[in-house]
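Participant: Okay, here's the prediction I keep looking at, along with the sequence it came from:
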Amino acid sequence: MRLLTQIHAHILTRSPLLPLSFSLSKVLCFAAYRDIRYAATLLSHIPSPTVFAYNTVMRGFLSQAPSLPHPILLFRILVRNKLPPANTFTLASVLKCCSNLAAFQEGRQVHKHAVASGLAGNLFVGTSLLNFYAKCEAVDMGRKVFDEMPERNVVAWSAMIGGYARVGMANEALGMFREMQRRGVEPDEMTMASVISACAVIGALDLGKWLHTYVDKKGIKNDLEVSTALVNMYAKCGCIEKASHIFEALPEKDVKAWSSMIVGFAIHGLGHEALTTFAKMEAAKVEPDHVTLIGVLSACAHGGLVEEGRKYWSSMVEAGIKPSMEHYGCMVDLLCRADQVEEAYEFVNQMPVAPNPAIWRTLLVSCKRNKMLEKGKLIAEYLLQLEPLNAENYILISSMYASVSDWVKMSRVRMQMKERGVKAVPGCSSIEIDGYVHEFSMGDWSHPDATDIREVLREVAERVRGAGHEPWIASVLQNMSDAEKQDALWEHSERLAIAYGLLKTKAPVVIRVVKNLRVCIDCHEVTKTISKLYGREIVVRDRIRFHKFVDGACSCRDIW
Ligand code: ZN
Ligand code: ZN
């Protein structure tokens, strides 16, 4: 840089009135990759910079300071001055900046500009737009861009699959991957990482395994991104041993790889394994990020390691890391699981930011379990003020009253829910059979094998009842008779999925179910009983964690 400033000074003293000459553009190029502020200042002093000069500085910002909005600001100046006109490189750079910052409105403006200037059909601009919409989770708009592209390359594909995977539209991501194969487009590492991530979202283990083989067979470079996606997929699909195996074999591990493994152990309730991995990460001098710390704290929470959790919390605060809402949530969860409700309550009251509804719900569940009705009532009031339209709150509060047999208050809460027109999110569970994901929602009998499923469920219900199970009818909200409530419980989506698993597979195949909500207490009890009566291992991933049911017991030790 010192030499460069000397050369720059030399050019200025020798030919001060020259516009952006060849030599100055060279100075700009070098400065853009050494000292971006210097380059930006230089650009602002050039009387009429070329589009090349603008692009150079934009790219410099993207590579040196990707979190700064300067490329967007430069683009504004360019558009306002109308000269020089932006070219495809300019648009790609400013869109990249919009993606980095998830600057949705700004990106939309750039899109309009691209359409108006006739550059939207360019492959380079098109893929940049796709990446931008995928990053902003606007998959519908991304799809529109994709459909309108005159030609598409593997990058465009990959971007679209990545977008679908990011918003959890796994079936769409997989559908697009199949379309890509049909058209003979060879996937690259980025495509494979995205599509494997999609399998992680829906828990499609067989498909994930098939993709793993595909990567090996096709000689696709098994780079860090693909391997990390595999670690994450196996962990989220319930195969934690396999995930750990791939992870251990990685020649080098970045923060994303370490975090995936730690979070994987945490959701399986393997607290000690998660903490050992974290210690190894520290020894390897890899700086933990916000996701790693969520993994560490939730590992302590799910593993019942209260003292360790506190220790990590203090060292995190001492290291000057500003805790996020999720970190606070993990800590409250940790204390609540250990039934230290008073302390959790204190902790929440001392938070420097207002706690979110999820934190209040964690506290409420804990109050309910410990029969601390006074505090529970207080929290219930906060919750209904904060989120009057969330069905989960009403269900939780009414079940708190049900647990102390206060039927009057319970029905009042239900009435309130009805009056305000709050609808519960329907429970939905999926199970993968022969590479196809079958989805079931509560009381939905539209599946082609519905008659057989009913038959299996009837038999299971009889055997479970015979084993002495008392249905927890208080968890059913509808206004119906007790017999009807029992029937309603047997239509919960996870039971339909488990019944389908019993129908279509034989031991020792593990029945793996993914559910969008928390598992209700009655389904949890029933699944435990089924695992014993039928001698089947059943793994249920609910919204929070994994439950591994073996021989009448669950790995969560009945706290979830
Ligand atoms: Zn249930
Ligand atoms: Zn469990």
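Facilitator: Cool, got the structure. Ligands and ions are numbered 1, 2, ... in the order given.
Participant: ok, now which ones touch residue 406?
Facilitator: By C-beta atoms under 8 Å, 6 or more residues apart in numbering, the contact list for residue 406 is empty. (Each C-beta comes from the backbone N, C-alpha and C, glycine too.)
Participant: quick one: the residue nearest to residue 368 when sequence neighbours are not counted from residue 489, how far?
Facilitator: Nearest non-adjacent residue to residue 368, counting by C-beta to C-beta, 6 or more residues apart in numbering: residue 400, 4.2 Å away. To residue 489, residue 400 is 19 Å away according to C-beta to C-beta, to the nearest Å.
Participant: After the helix or strand of the chain with the lowest mean pLDDT, which helix or strand is next? Please name it.
Facilitator: One helix or strand of the chain scores below all others by mean pLDDT, DSSP states H and E: helix 482-489, with a mean of 76. Moving toward the C-terminus from helix 482-489, the next helix or strand (DSSP states H and E) is helix 493-504.
Participant: Now that next one: average pLDDT?
Facilitator: Looking at helix 493-504 alone, the average pLDDT works out to 95.
Participant: Can you point out the buried residues in it?
Facilitator: For helix 493-504, the neighbour count (16 or more other C-beta atoms under 10 Å) marks 493, 494, 495, 496, 497, 498, 499, 500, 501, 502, 504 as buried.
Participant: surely the first one meets residue 445?
Facilitator: No: proximity of residue 493 to residue 445 does not meet the contact threshold set by C-beta atoms under 8 Å, at 11.7 Å.
Participant: Flag every buried residue along the one helix or strand residue 23 maps to.
Facilitator: In this structure, residue 23 sits in helix 22-34 according to DSSP H and E. Neighbour-count burial for helix 22-34 flags 24, 27, 28, 29, 30, 31, 32 (criterion: 16+ other C-beta under 10 Å).
Participant: and if you look at stretch 304-323?
Facilitator: Neighbour count says stretch 304-323 has 305, 306, 308, 309, 312, 313, 316, 323 buried, by 16+ other C-beta under 10 Å.
Participant: then that stretch to PDB, C-alphas only?
Facilitator: C-alpha atoms of stretch 304-323 as PDB (Å, rounded to 0.1, in the frame of the first residue of the first chain):
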ATOM      1  CA  GLY A 304     -29.500 -32.300  32.400                       C
ATOM      2  CA  LEU A 305     -26.000 -30.800  32.900                       C
ATOM      3  CA  VAL A 306     -27.000 -27.700  34.900                       C
ATOM      4  CA  GLU A 307     -23.600 -26.800  36.400                       C
ATOM      5  CA  GLU A 308     -21.800 -27.200  33.100                       C
ATOM      6  CA  GLY A 309     -24.400 -25.000  31.400                       C
ATOM      7  CA  ARG A 310     -23.900 -22.200  34.000                       C
ATOM      8  CA  LYS A 311     -20.200 -22.400  33.500                       C
ATOM      9  CA  TYR A 312     -20.400 -22.000  29.700                       C
ATOM     10  CA  TRP A 313     -22.900 -19.100  30.200                       C
ATOM     11  CA  SER A 314     -20.500 -17.300  32.500                       C
ATOM     12  CA  SER A 315     -17.500 -17.800  30.200                       C
ATOM     13  CA  MET A 316     -19.500 -16.700  27.300                       C
ATOM     14  CA  VAL A 317     -20.500 -13.500  29.100                       C
ATOM     15  CA  GLU A 318     -16.900 -13.000  30.300                       C
ATOM     16  CA  ALA A 319     -15.600 -13.400  26.800                       C
ATOM     17  CA  GLY A 320     -17.800 -10.400  25.900                       C
ATOM     18  CA  ILE A 321     -20.200 -12.300  23.600                       C
ATOM     19  CA  LYS A 322     -23.600 -10.600  23.600                       C
ATOM     20  CA  PRO A 323     -26.100 -13.300  24.200                       C
END
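Participant: does the residue in the stretch 201-350 of the chain that ligand 2 sits nearest to sit in a helix or strand, and which one?
Facilitator: Per C-beta to the ion, residue 269 is where the stretch 201-350 of the chain lies closest to ligand 2, at 8.9 Å. Of the helices and strands defined by DSSP H and E, none includes residue 269.
Participant: Quick one: residues contacting the spatially most central residue of the chain.
Facilitator: Nearest to the geometric centre of the chain sits residue 166, at 7.0 Å (C-alpha atoms, centre = their mean). By C-beta under 8 Å, 6+ apart, the contact set of residue 166 is 134, 135, 137.
Participant: same for the helix or strand hosting the residue nearest to residue 368, what does it pack against?
Facilitator: Using DSSP H and E, residue 400 sits within helix 391-403. Secondary-structure packing of helix 391-403 (3 or more C-beta pairs under 8 Å, 6 or more residues apart in numbering; DSSP states H and E): helix 357-369, helix 373-386, helix 407-419.
Participant: List the buried residues in stretch 334-352.
Facilitator: 334, 335, 336, 337, 338, 340, 341, 344, 345, 347, 348.
Participant: Dump stretch 546-559 to PDB, restricted to CA.
Facilitator: Once non-C-alpha atoms are left out, stretch 546-559 reads as follows in PDB (Å, rounded to 0.1, in the frame of the first residue of the first chain):
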ATOM      1  CA  PHE A 546     -35.400 -36.500  19.200                       C
ATOM      2  CA  HIS A 547     -37.200 -39.100  21.100                       C
ATOM      3  CA  LYS A 548     -35.800 -42.600  20.800                       C
ATOM      4  CA  PHE A 549     -38.300 -45.200  22.200                       C
ATOM      5  CA  VAL A 550     -36.900 -48.600  23.100                       C
ATOM      6  CA  ASP A 551     -38.500 -51.200  25.200                       C
ATOM      7  CA  GLY A 552     -41.000 -49.000  26.900                       C
ATOM      8  CA  ALA A 553     -38.700 -46.000  27.700                       C
ATOM      9  CA  CYS A 554     -37.800 -42.800  25.900                       C
ATOM     10  CA  SER A 555     -34.300 -41.200  25.600                       C
ATOM     11  CA  CYS A 556     -35.700 -37.800  26.700                       C
ATOM     12  CA  ARG A 557     -36.400 -39.300  30.100                       C
ATOM     13  CA  ASP A 558     -39.900 -37.900  29.900                       C
ATOM     14  CA  ILE A 559     -38.800 -34.200  29.900                       C
END
